[in-house]
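> pasting the sequence and the predicted model now:
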Amino acid sequence: MNNYVTGSTIKSLREKKNYTQKQLADILCVSDKAISKWETGKGLPDIFLLEPIAKALGVSVAELISGDCIINGNRSANMLRSKFYVCPICGNVIHSTGEGCFSCCGINLPMAEAEEPDEKHMIKAERMENDWYISVDHPMTKEHYISFIAYITSSKTQLVKQISRADETKVKKFKEGFDFEYAYASDITKKSKYSVSELKHDSMVEKYDSTEREAERPKFLLEEKETYVPDFARDDEAGGASNESKEPKNAAGVNPGALRGTAVHRVMECLDFKSLCDIDTKDHVAVSAFVKKSMDEMLKKGLITDDMYRLTRPKLIEQFVSSDVAARMAQADKRGDLFKEKPFVMDYEGVLVQGIIDVFWLENDKIVLLDYKTDRVNAAQELIDRYSTQLKLYADALGRIFSTDGKSIQADERLIYSFLLQQTIVTCREYKK
């Protein structure tokens, strides 16, 4: 292969890029057999492929054809070779990064030589944010002054000419500006809007630190802020991703447990609770048939996807449907007082808080709030410790929405349903008069 490009060049450049023949072929939209033919000298790439090949291998077409890669050793060093020429007549400053002969005002200019400053000309340079503050403890006069200051890095040069005597008033204001301390600096890192889960997480951290006083916090307190997984999608065994789930993520980077939790949550959202009034929820056979029929209809109507249908374990739904709290929800839904998946935004201590409430209903002029949880826990108290702050925020939002000047309606009964424990947990039940 001794024509316009050699196979050894292609092979050498490909190996430097750590490409396999198949990877390079995919980039060029050719077969790996074609790459093999080029590299073994049994064929040549078409002329129109030279530019794409060169681009893929990170060289120019000229380098690809010649087989010699040109290395520019000056890419990051040119500015550091800067030279300055100063005209003694007009004060003009000429900057050069290479050799040359320069003149100004009819005279040839010598290159300015760098000298070590003496005690009377010591220069102080302080960096303040993105600027440099240069100071020299020496009087500035018309006969004796700084002609220019140059700041040089490997990639750029900044030059300031004709530095005259500094105005003391301006210097004072300048220093005052840099010494200023913003009174609300602690608020700079705060966001204008928070989710309920973020505030819940902070509350959990504070509570743990104050009670346990240990250096190391539990995993669920450290991981949630980095990657938030919905509450209902945290338990692997009960239909969600647990806080300690080690199940590998799928191609999209989502834990399968989280997908199952999302599916369960969606089924609960679409479930027709008022229909429970027509069946005996203590009859296992009737409940099982109801759940299957309901999920089949959800799938047929497009309310859930095939994957959601497949991932949802009917037994979880059946256990909830048979609970006493489901019976209360059925009666509320029959009255038109059941509300599911309701979003809200409210002001909370100067910031906006947003969230979505799983389900709540009106009962005896009070609000009953319920949150679905699938965390992997050993006892109900763990869920109360984790989510009491979150439910309190939900209750606060509902109280603001439903209360009027003449009547106050509060969510004094706040519940958690644990799919893993198969238990309705009371976090608050205080009926205020």
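On my side now, so go ahead. Every value quoted in this text rests on a predicted model; they were computed, and no experiment measured them.
> my read is T141 is in a helix, agree?
No - per DSSP: H, G, I helix; E, B strand; the rest coil, T141 lies outside any helix segment and is coil.
> okay, it: pLDDT?
According to the prediction, T141 has pLDDT 73.
> equivalent analysis for L50, please.
Looking at L50, its pLDDT is 85.
> quick one: it and I10 touch, right?
No - counting by CB atoms under 8 Å, L50 sits too far from I10 to count as a contact (10.6 Å). The way it works is simple: take the backbone N, C-alpha and C, and place the C-beta from them, glycine included.
> now for those two: what residues contact both?
Overlap of the contact sets of L50 and I10 (by CB atoms under 8 Å, 6 or more residues apart in numbering) consists of L64.
> so for those two, which sits in the more crowded spot?
The neighbour count for L50 versus I10, taken as other CB atoms under 10 Å, is higher for I10 (21 against 15).
> tell me which element the more buried one is part of?
I10 belongs to helix 7-16 when assigned by DSSP states H and E.
> which elements pack onto that helix?
The contact analysis (3 or more CB pairs under 8 Å, 6 or more residues apart in numbering; DSSP states H and E) places helix 7-16 against helix 32-40, helix 50-57, helix 61-66.
> can you list the buried residues in the first one?
Put plainly, it is helix 32-40. Along helix 32-40, the positions that meet the burial threshold by neighbour count (16 or more other CB atoms under 10 Å) are 34-35, 37-39.
> same question, the shortest one
Residues of helix 61-66 classed as buried: 63-65 (neighbour count, 16+ other CB under 10 Å).
> report the buried residues of the helix holding I10.
Of the residues in helix 7-16, those buried under the neighbour-count criterion (16+ other CB under 10 Å) are 7, 9-11, 13-14.
> for the record, mean pLDDT for it?
Here the mean pLDDT over helix 7-16 is 88, rounded to a whole number.
> ok, stretch 354-361 next?
For stretch 354-361, the per-residue pLDDT averages 91.
> may I see the buried residues of it?
The neighbour-count check on stretch 354-361 (16+ other CB under 10 Å) flags 355, 357-361 as buried.
> which non-adjacent residue is nearest V30?
Here the nearest residue to V30 in space, its sequence neighbours aside, is L49; by CB to CB, 6 or more residues apart in numbering that works out to 7.6 Å.
> the one you found and C29 touch, don't they?
No - with contact defined as CB under 8 Å, L49 does not count as touching C29 (9.5 Å).
> M111: which of the helices and strands packed on helix 7-16 is closest?
When the helices and strands packed on helix 7-16 are compared for distance to M111 using CB to CB, the nearest one is helix 61-66, at 35.6 Å.
> strands paired with the helix or strand where K340 lies, and their directions?
Counting by DSSP H and E, the element that carries K340 is strand 338-348. Strands that pair with strand 338-348, judged by DSSP bridges, come out as strand 351-363 (antiparallel).
> now the strand it pairs with: how far from the chain's centre is it?
25 Å (CA atoms, centre = their mean, to the nearest Å).
> quick check: angle from the very next helix or strand once past it to strand 338-348?
Along the chain past strand 351-363, the next helix or strand (assigned with DSSP H and E) turns out to be strand 366-373. Orientation of strand 366-373 against strand 338-348 (axes from the mean of the first three to the mean of the last three CA atoms, to 10 degrees) gives an angle of 90 degrees.
> please write out the alpha-carbon positions of whichever helix or strand comes after strand 366-373 in CSV.
On the C-terminal side of strand 366-373, the closest following helix or strand by DSSP H and E is helix 380-402. Below are the C-alpha coordinates for helix 380-402, written out as CSV (Å, rounded to 0.1, in the frame of the first residue of the first chain):
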residue,chain,number,x,y,z
ALA,A,380,-42.7,2.0,62.2
GLN,A,381,-40.8,4.5,64.4
GLU,A,382,-38.1,4.6,61.7
LEU,A,383,-40.6,6.0,59.2
ILE,A,384,-42.0,8.5,61.8
ASP,A,385,-38.5,9.8,62.5
ARG,A,386,-37.7,10.1,58.8
TYR,A,387,-40.9,11.7,57.5
SER,A,388,-42.7,13.6,60.3
THR,A,389,-41.2,16.9,59.1
GLN,A,390,-42.3,16.1,55.5
LEU,A,391,-45.9,15.4,56.5
LYS,A,392,-46.0,18.5,58.7
LEU,A,393,-45.1,20.6,55.7
TYR,A,394,-47.8,18.9,53.7
ALA,A,395,-50.3,19.6,56.5
ASP,A,396,-49.2,23.2,56.7
ALA,A,397,-49.9,23.6,52.9
LEU,A,398,-53.3,21.9,53.1
GLY,A,399,-54.3,24.1,56.1
ARG,A,400,-53.5,27.2,54.1
ILE,A,401,-55.4,26.0,51.1
PHE,A,402,-58.6,24.9,52.9
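> what packs against whichever helix or strand comes after helix 380-402?
Moving toward the C-terminus from helix 380-402, the next helix or strand (DSSP H and E) is strand 413-418. Based on contacts counted as 3+ CB pairs under 8 Å, 6+ apart, the elements that strand 413-418 packs against are strand 366-373, helix 380-402, strand 423-429.
> would you format these as CSV with mean pLDDT included?
As requested, these are exported to CSV (pLDDT from 0 to 100):
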stretch, mean pLDDT
strand 366-373, 92
helix 380-402, 89
strand 423-429, 87
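> and the residue nearest to E363 when sequence neighbours are not counted, what element?
If you skip the residues right next to it in sequence, E363 has A332 as its closest partner in space, 6.2 Å away by CB to CB, 6+ apart. Using DSSP H and E, A332 sits within helix 324-335.
> list the contacts of the nearest residue to S103 once chain neighbours are set aside.
Here the nearest residue to S103 in space, its sequence neighbours aside, is L109; by CB to CB, 6+ apart that works out to 6.1 Å. The contact partners of L109, by CB under 8 Å, 6+ apart, come to 85-87, 94, 102-103.
> Y194 belongs to a helix, doesn't it?
No - using three-state DSSP, the secondary structure at Y194 is strand, not a helix.
> please tell me how far it sits from G350.
For Y194, the distance to G350 equals 11 Å [CB to CB, to the nearest Å].
> neighbour count winner among those two?
The neighbour count for Y194 versus G350, taken as other CB under 10 Å, is higher for Y194 (19 against 8).
> which residues does the closest residue to the more buried one other than its chain neighbours bridge with?
Spatially, and ignoring its direct neighbours in sequence, Y194 is nearest to V353 (5.4 Å; CB to CB, 6+ apart). Beta-bridge pairing of V353, defined through DSSP bridges, involves Y194, M346.
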